[in-house]
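# could you look at this predicted model? Sequence included:
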Amino acid sequence: MASLPHISVAGACATATHGSGDANGNLATAIAGMEIVTADGTIVALSRERDGDALHGAVAGLGGLGVVTRMTLNVQPAFQMAQVVYERLPVDQLEAHFDEITSSAYSVSLFTDWRGSTVNQVWLKHVIVDGNPAPAEATFFGGSRATSKLHPLEGVSAENCTDQLGIVGPWYERLPHFRMDFTPSNGEELQSEYLVPRRHAVSVMRALREVAGELAPHLFISEVRTIAADTLWMSPCYNEDCVGIHFTWKQHWPEVELLLPIIEAKLEPFEARPHWGKLFTMAPARVQGLYERLPDFQRLLRSYDPEGKFSNWFVDRYVLDVN
């Protein structure tokens, strides 16, 4: 699941939206089959067994192939989880033990404002195997276990958040950060995110701390998560384990619009790919150069929708290279 439970399955898959975890790819990796109504009214059914690579091209389709009317998803038996939060994890410990920290639970989220010598919060989501969670340690790589339920944003009520403090509950009430029946996150915000190869994680975080002062007036919080590699043509994690660097911005678009190129310049040496469904200013040529299967996806789009009925300015500019 994504950190918000309020999004649609088809839309999340179409933009390669993700959760976190060493073994968890983006949400579209769960698709075993799908049905699409194309521009001329043809119904196209794709399945993993029959169509293989073509399905890998279609699932993160950015809405350009047609109307998705059915999806078949791989599922697993329901399971129980518990969530524990730690505060003020030292940055030097994170850099020295990044893989160990981010692999320490089924899903791990790091919340940071990039300032100071500590990470604000670490959320660990554990699968409960035997019915009873193991006691949570008082410290975690120098971070202190929270003794009350927390919101990722300091000073904001945690009422909207899913239960923490090691309280056991069903997966759908622990994997998201926010409860389905409440307003998610801050409620009014802008979002951007960049996916970088996991091997660059520490270097990327160091680079972003260099501009923490510029980000601070406009940033609510950043979230750092790991995502497993996949074989989906337009996924930012194609053939590469990745780290997602997410920014939740205040409604300061004129200022954020100027900040995004600064962030993108910092991330450029690390092969950063922007999230398809969030804000970025990266040049189309740069984005296109990061997707080795882009020519195959362009051909797929044109074969499904030769007249561009399902296209728009975004697909034209960033995918089809139509000016």
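That came through fine.
# which one in the chain is furthest away from the centre?
When each C-alpha in the chain is compared with the mean C-alpha position (C-alpha atoms, centre = their mean), D40 comes out farthest, at 33.3 Å.
# for that residue, helix, strand, or coil?
coil (DSSP: H, G, I helix; E, B strand; the rest coil).
# mind giving me the packing neighbours of the lowest-mean-pLDDT helix or strand in the chain?
Of all the helices and strands that make up the chain, helix 9-14 has the lowest average by mean pLDDT, DSSP states H and E, namely a mean of 89. If you count contacts as 3 or more C-beta pairs under 8 Å, 6 or more residues apart in numbering; DSSP states H and E, helix 9-14 packs onto strand 67-73. Glycine gets a C-beta too; all of them are placed from N, C-alpha and C.
# buried residues in the strand or helix carrying A32?
In this structure, A32 is located in strand 31-37 according to DSSP states H and E. Of the residues in strand 31-37, those with enough neighbours to count as buried (16 or more other C-beta atoms under 10 Å) are 31, 33-36.
# just those now: which is nearest E210?
The shortest separation between E210 and any of these is 38.8 Å, and it belongs to I31 (by C-beta to C-beta).
# what sits against the closest one?
Shown here is I31, whose contacts under the criterion C-beta atoms under 8 Å, 6 or more residues apart in numbering are 13, 48, 55, 59, 71-74.
# related to what we said a few turns ago, mind giving me TSV with the buried residues of strand 31-37 and columns for pLDDT?
Shown next, in TSV, are these (pLDDT from 0 to 100):
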residue	pLDDT
I31	95
G33	96
M34	96
E35	97
I36	96
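# which one of these is nearest to K250?
For those, the residue nearest K250 by C-beta to C-beta is I31; the value is 34.6 Å.
# which parts of stretch 141-148 are buried?
Here stretch 141-148 shows 141-143, 145-146 as buried, counting by 16+ other C-beta under 10 Å.
# that one spans what distance, first to last residue?
Across stretch 141-148, the terminal residues are separated by 19 Å (C-alpha to C-alpha, to the nearest Å).
# re earlier: hmm, which of the contacts of I31 are the buried ones?
Neighbour counting with 16+ other C-beta under 10 Å marks 13, 48, 55, 59, 71 as buried within the contacts of I31.
# quick one: R179 and G169 touch, right?
No - in this structure, R179 is not within contact of G169 by C-beta atoms under 8 Å, at 10.9 Å.
# overlap in contacts of those two?
Between them, R179 and G169 have T162 as joint contacts when contacts are counted by C-beta under 8 Å, 6+ apart.
# returning to what we had before: between the buried residues of strand 31-37, which sits nearest E95?
Looking at the buried residues of strand 31-37 and their distance to E95, the nearest is I31, at 35.7 Å (C-beta to C-beta).
# turn the contacts of I31 into a markdown table, columns for distance to L94.
Output for the contacts of I31, formatted as a markdown table (distance: C-beta to C-beta, whole Å):
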| residue | distance to L94 |
| --- | --- |
| C13 | 31 |
| R48 | 37 |
| L55 | 37 |
| V59 | 33 |
| M71 | 37 |
| T72 | 39 |
| L73 | 34 |
| N74 | 33 |
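# pick the one among those closest to A207.
Distance ranking of the contacts of I31 against A207, using C-beta to C-beta, places C13 first at 30.5 Å.
# so how far is L232 from the nearest residue to that closest one once chain neighbours are set aside?
Residue nearest to C13 in three dimensions, not counting chain neighbours: A28, with 4.0 Å by C-beta to C-beta, 6 or more residues apart in numbering. Separation of A28 from L232 (C-beta to C-beta, to the nearest Å): 6 Å.
# looking at the two, which one has more neighbours?
For A28 versus L232, the count of surrounding residues by other C-beta atoms under 10 Å is larger for A28: 28 against 25.
# contacting residues for the more buried one?
When the contact criterion is C-beta under 8 Å, 6+ apart, the partners of A28 are 12-14, 16-17, 59-60, 230, 232, 235.
# go with 6 Å
13, 16, 59-60, 232 (C-beta atoms under 6 Å, 6 or more residues apart in numbering).
# export those to JSON lines and tack on secondary structure and distance to T162?
Formatted as JSON lines, the entries for the contacts of A28 read as follows, by DSSP: H, G, I helix; E, B strand; the rest coil; distance: C-beta to C-beta, whole Å:
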{"residue": "C13", "secondary structure": "helix", "distance to T162": "22"}
{"residue": "A16", "secondary structure": "coil", "distance to T162": "23"}
{"residue": "V59", "secondary structure": "coil", "distance to T162": "27"}
{"residue": "A60", "secondary structure": "coil", "distance to T162": "27"}
{"residue": "L232", "secondary structure": "coil", "distance to T162": "28"}
